[in-house]
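> Here is my input; please provide its structure:
(chains A and B)
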Number of protein chains: 2
Amino acid sequence: MPLLLIRSDLSRLAAADDELDGAIDAVEKSAVQCASGDRAQTLFAGLNLAGGDELAAQCVSLASGPATLRRFPNGVKGERPNAWLGMQLDGTTGAVDSMIALDDFNVRRTSAPAAVGVRHLVPADATTLTVLGSGAQARSHVRTIRRVMPDLKHLKLWSPSHESRTAFGADLRAQLGDAVRVSVADTVDEAVSGADVITAAGRHSLGEAAIPDPGCVRPGALVVSMTGAGGNLLAHGARLAVPTAQRPELVAFGFASGFIGKTPPPAPSGALELTDMITGKAPARTSDTETIVFELAAPYQWDVPILAWIRAWADERGLGTSFDFSG
Amino acid sequence: MPLLLIRSDLSRLAAADDELDGAIDAVEKSAVQCASGDRAQTLFAGLNLAGGDELAAQCVSLASGPATLRRFPNGVKGERPNAWLGMQLDGTTGAVDSMIALDDFNVRRTSAPAAVGVRHLVPADATTLTVLGSGAQARSHVRTIRRVMPDLKHLKLWSPSHESRTAFGADLRAQLGDAVRVSVADTVDEAVSGADVITAAGRHSLGEAAIPDPGCVRPGALVVSMTGAGGNLLAHGARLAVPTAQRPELVAFGFASGFIGKTPPPAPSGALELTDMITGKAPARTSDTETIVFELAAPYQWDVPILAWIRAWADERGLGTSFDFSG
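Next up is the predicted model:
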């Protein structure tokens, strides 16, 4: 019988930083599983809504069994009740196994994979993280990436709006206390300069450079991108890394809004595959001064491990409401 | 707050033949609305499941507001709890407005549009209906088409399996009593011969001829197809009719299983548009002996009127359970 998990069922999980390790581990394990031959398929699409927003949906199925369906409004930034919803589906029957409110978790689909990349690609002795952006995605990146940068001393922030970045800085200072120094930069260049890890977690359009001047990035840094935001760094000699080249087969794709205008190209050949590093097939870096761009932009199967992580946490605590739609 | 409607909430609606008029009216109204300029978009896709079935999904959005998401296992024939589910979505916010168990209604998405076609294209003085097929779709076609053929006297059945068609015939005799004569034919030719309306409601593959010998169809008959099953009749001089040429924009499409191998072509030019007849722009038939093939194969927006019809019935009766996912 399907289990319904509402936002308040999951509020403790949403708030708990130490639980994020489970999400990061689950995403990493899923990437390795797919790289090792578990065939995945996905559909990723969006339809225009009358109000100007976009109804987006992603489905994933795995040859090993589980499948997921996630739907979300693509344009909204703030609260929107009952609009972010994920379903776990039985991999054999296709029946609904759970319905999970993703109000507080939709961003985790990107910030957990980002942390998997940082875990394995972070430069030695990294102490400085720069976050570009100040929205929900940026806030989630700070939380997940902190889990894999235990020596983090300095958090540098920048986003286009002075008001937003100042507020974000104040929030983080209140949360982090003396553990981490938080500074708000006035320019991208200042924010990026000297950082060991930089994550482009703002609302960039696909392919838009997050760091206009590649010269500001210190050699050997790791730059995390969700939107092809590091193309100019690659042209400047940085190395491309991807989670795995074994991405899900893209069965159906299209965004009426133009959110992603073109069908994503296949994984570039020659990129460093994170899963090869994790399984010991490839070393992380050829030198300490090699700058790496970890690129997450592509439809992956992350919904499967993220929903499984949420579901396992709820099951351990006996949370949720069983509801028989066919009863 | 989303309203959850389970199968038992809707069992009286599923069983009531006279309620089908509402579904047929709703589908007809929706077709006219789209033909009159209400822009629709759709995604229609399916992913392979580990057990050999297919996870299929369709989303629809309308410029005038409502949107829907429907998911279903594409291969299963019998019961499968919690596997057929439709959602009404707020057209402005994209939030979930209802979740509706479609166990007993998924087939209505095709049988209600079929009845709209019969309502307007049926030959004068039609008394004989032939149903090819004996599954859930065929059973639903008998119910909806009867609503628009009040003078029906003779129901002729055929499906490939002797056992299935005999059982279907027995079931229908028990249901219909003396009102309608039910006969089970041994061959397609025998079933089709002399029929005024023929509906190809079996499991044909796309483009497969349902009536191998077009000469068996009496001139002036109406043939209803969901799968391009009347192509050979068109080659034999029959006229093509479609619900409307103003189909939803197909934003994303793909079936990993090969269920529908190729992206559906645009509506053929020169076909009779049912909506033109309904609105008085075109006459039904140029002569009493003109055979018409009414073709339903294409992704339409039928989910919107069908789910709205179910929802309105439930609201009138105060049925369902409100459930706040973001609570």
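
> drop to CA atoms for contacts and neighbour counts, all remaining ones
Noted.

> Which residues are in contact with residue A:205?
Taking Cα atoms under 8 Å, 6 or more residues apart in numbering or on different chains, we find residue A:205 in contact with residue A:227.

> Could you say whether it sits in a helix, a strand or coil?
coil (DSSP: H, G, I helix; E, B strand; the rest coil).

> Residue A:252 too?
Per three-state DSSP, residue A:252 ends up strand.

> Residue A:57 is in contact with that one, correct?
No - applying Cα atoms under 8 Å as the test, residue A:252 and residue A:57 come out as separate, 10.9 Å apart.

> ok, residue A:144 to residue A:111 distance?
Plainly put, residue A:144 is 6 Å away from residue A:111 if you go by Cα to Cα, to the nearest Å.

> what does residue A:216 give?
Taking Cα to Cα, one finds residue A:216 at 24 Å from residue A:111.

> Of these two, give the one with the bigger neighbour count.
residue A:111 (28 against 16; other Cα atoms under 10 Å in any protein chain shown).

> Hmm, residue A:141 and that one touching each other?
Yes - shown here, residue A:111 and residue A:141 form a contact pair, counting by Cα under 8 Å, at 5.0 Å.

> Now do the domain split for chain A, please.
Using automatic domain parsing, the domain ranges for chain A come out as A:3-106+A:302-322, A:108-247+A:263-295.

> Quick one: mean pLDDT over the shortest one.
The average pLDDT for domain A:3-106+A:302-322 rounds to 96.

> And stretch A:110-119, by the same measure?
Stretch A:110-119 comes out at a mean pLDDT of 96.

> Pull out the buried positions in that stretch.
Residues A:110, A:111, A:112, A:113, A:114, A:115, A:116, A:117, A:118, A:119 are the ones in stretch A:110-119 that count as buried (16 or more other Cα atoms under 10 Å in any protein chain shown).

> could the residues you listed go into TSV alongside distance to chain B and secondary structure?
Formatted as TSV, the buried residues of stretch A:110-119 follow (distance: Cα to the nearest Cα, whole Å; DSSP: H, G, I helix; E, B strand; the rest coil):
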residue	distance to chain B	secondary structure
A:110	21	helix
A:111	21	helix
A:112	22	helix
A:113	23	helix
A:114	26	helix
A:115	27	helix
A:116	27	helix
A:117	28	helix
A:118	31	helix
A:119	32	helix
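
> Identify the farthest-apart pair in those.
Among the buried residues of stretch A:110-119, the pair separated by the greatest distance (Cα to Cα) is A:110 and A:119, at 14.4 Å.

> Show me what the one helix or strand residue A:140 maps to is packed against.
Element membership of residue A:140 [criterion: DSSP states H and E] is helix A:136-148. Helices and strands touching helix A:136-148, by 3 or more Cα pairs under 8 Å, 6 or more residues apart in numbering or on different chains; DSSP states H and E, are helix A:20-35, helix A:108-121, strand A:128-132.

> contacting residues around it?
For helix A:136-148, contacts defined as Cα under 8 Å, 6+ apart pick out A:17-18, A:20-21, A:24, A:77, A:107-108, A:110-112, A:114-116, A:118-119, A:131-132, A:152, A:199, A:201-202.

> Okay, the residue nearest the centre of chain A and residue A:142: tell me how far apart.
Chain A has residue A:110 as the residue nearest its centroid, 1.1 Å off, counting by Cα atoms, centre = their mean. Noted for residue A:110: a distance of 12 Å to residue A:142, by Cα to Cα.

> Helices of the stretch 151-300 of chain A, start to end?
For the stretch 151-300 of chain A, applying DSSP state H, counting those that start in this stretch gives helices covering A:162-176, A:188-192, A:231-235, A:274-278.

> Output the last one as PDB, restricted to C-alpha atoms.
Translated: helix A:274-278. Output in PDB follows, covering the C-alpha atoms of helix A:274-278 (Å, rounded to 0.1, in the frame of the first residue of the first chain):
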ATOM      1  CA  LEU A 274      34.100  10.400 -10.800                       C
ATOM      2  CA  THR A 275      32.900   6.800 -10.600                       C
ATOM      3  CA  ASP A 276      36.200   5.600 -12.000                       C
ATOM      4  CA  MET A 277      38.000   7.500  -9.200                       C
ATOM      5  CA  ILE A 278      35.600   6.000  -6.600                       C
END
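
> for it, packing partners?
Packed next to helix A:274-278, using 3+ Cα pairs under 8 Å, 6+ apart, are helix A:20-35, helix A:108-121.

> try 7 Å this time
For helix A:274-278, the helices and strands in contact under the criterion 3 or more Cα pairs under 7 Å, 6 or more residues apart in numbering or on different chains; DSSP states H and E are helix A:20-35.

> Which positions in the stretch 151-300 of chain A make contact with chain B?
A:251, A:252, A:253, A:254, A:255, A:256 (Cα under 7 Å from any Cα of the partner chain).

> Let me know whether the last one touches residue A:48 as I believe.
Same thing as residue A:256. Yes - counting by Cα atoms under 7 Å, residue A:256 touches residue A:48, with 6.0 Å between them.

> measure stretch A:32-42 end to end?
Start and end residues of stretch A:32-42 are separated by 17 Å (Cα to Cα).

> For chain B, tell me whether that stretch is touching it.
Yes - on the criterion Cα under 7 Å from any Cα, stretch A:32-42 is in touch with chain B at A:41, A:42.

> Any stretches of the stretch 151-300 of chain A with poor pLDDT?
For the stretch 151-300 of chain A, no stretch is flagged by pLDDT under 70.

> where along the stretch 151-300 of chain A do the strands fall?
Remark: strands assigned in the stretch 151-300 of chain A by DSSP state E, counting those that start in this stretch are A:154-158, A:181-184, A:197-200, A:222-225, A:239-242, A:249-255, A:272-273, A:292-295.

> part of a strand, is residue A:41?
Yes - judged by three-state DSSP, residue A:41 forms part of a strand.

> which ones are touching it?
Neighbouring residues of residue A:41 by Cα atoms under 7 Å, 6 or more residues apart in numbering or on different chains: A:60, A:61, A:62, A:248, A:249, A:250, A:251, B:47.

> So the second one sits against residue B:49, correct?
Yes - taking contact to mean Cα under 7 Å, the distance of 6.3 Å between residue A:61 and residue B:49 places them in contact.

> Identify the residues contacting residue A:43.
So residue A:43 contacts A:58, A:59, A:60, A:250, A:251, A:252, A:253 (Cα under 7 Å, 6+ apart).

> try residue A:117
Per Cα under 7 Å, 6+ apart, neighbours of residue A:117: residue A:294.

> How about the contacts made by the closest residue in space to residue A:95 that isn't next to it in sequence?
Using Cα to Cα, 6 or more residues apart in numbering or on different chains and skipping residues adjacent in sequence, the residue nearest residue A:95 is residue B:83, 4.0 Å away. For residue B:83, the contacting residues are A:94, A:95, A:96, B:72, B:73, by Cα under 7 Å, 6+ apart.

> could you dump those to a markdown table with secondary structure?
Shown next, in a markdown table, are these (three-state DSSP):
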| residue | secondary structure |
| --- | --- |
| A:94 | coil |
| A:95 | coil |
| A:96 | strand |
| B:72 | strand |
| B:73 | strand |
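
> Among those, which one has the most neighbours?
Taking other Cα under 10 Å as the neighbour criterion, residue A:94 ranks highest of the contacts of residue B:83 with 32 neighbours.
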